[in-house]
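J.: Structure, please.
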Amino acid sequence: MFNRNRLHADISDTVIGEGSLFEGTLNSAAGMRIDGQVVGDIECAGDLLIGVSGSVRSRITARNVTVRGRVAGSISAQGKLTIAASGRIYGDLTTSVLTIEEGAIIEGECLVRRPHEQAQAATLGPFDLPLGGKAPPS
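T.: This is a model prediction of the structure:
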């Protein structure tokens, strides 16, 4: 079923099935699908799909993220973040492209930035960022 030589970031090589519970840090060089429960940080070089039955309490970093289930924690998607009508997010979001279906719930702060701005913001402290697009007063 799983070919260990396949490390394409667009393929789900890691699946946490419905009824499963994983506690700890998940790191994947490829795609990941979560239909069970995860408690712990997720770092995914590929695409991450959280299914309708998926429940995640985590800090998530991935290429593209689709949320159909429930997430409590921050999400950072380098590419696209899609929140389906069944999706529930309780935490802050950072992405380049945001798609929200009618009926989805988000409780948190949303930042949508171009990819190069995401990389730049990651190296800046909170007081290095301009206020309202203007330089702070001297």
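J.: tally of neighbours for the spatially closest residue to C110 that is not a sequence neighbour?
T.: Once flanking residues are discounted, C110 sits nearest to L93: 4.7 Å by CB to CB, 6 or more residues apart in numbering. Bear in mind the C-beta positions are built from the backbone N, C-alpha and C, glycine included. Applying other CB atoms under 10 Å, we find 23 residues neighbouring L93.
J.: Need the phi and psi values for L93.
T.: Torsion angles at L93 (phi, psi; degrees, to the nearest 10) stand at phi -120, psi 140.
J.: heads up, I number from 13, so please use that
T.: Okay, residue one is now 13; in that scheme the one you just asked about reads as L105.
J.: can you pull the pLDDT of it?
T.: Here the pLDDT value assigned to L105 is 96.
J.: A74 versus that one, what's the distance?
T.: 12 Å (CB to CB, to the nearest Å).
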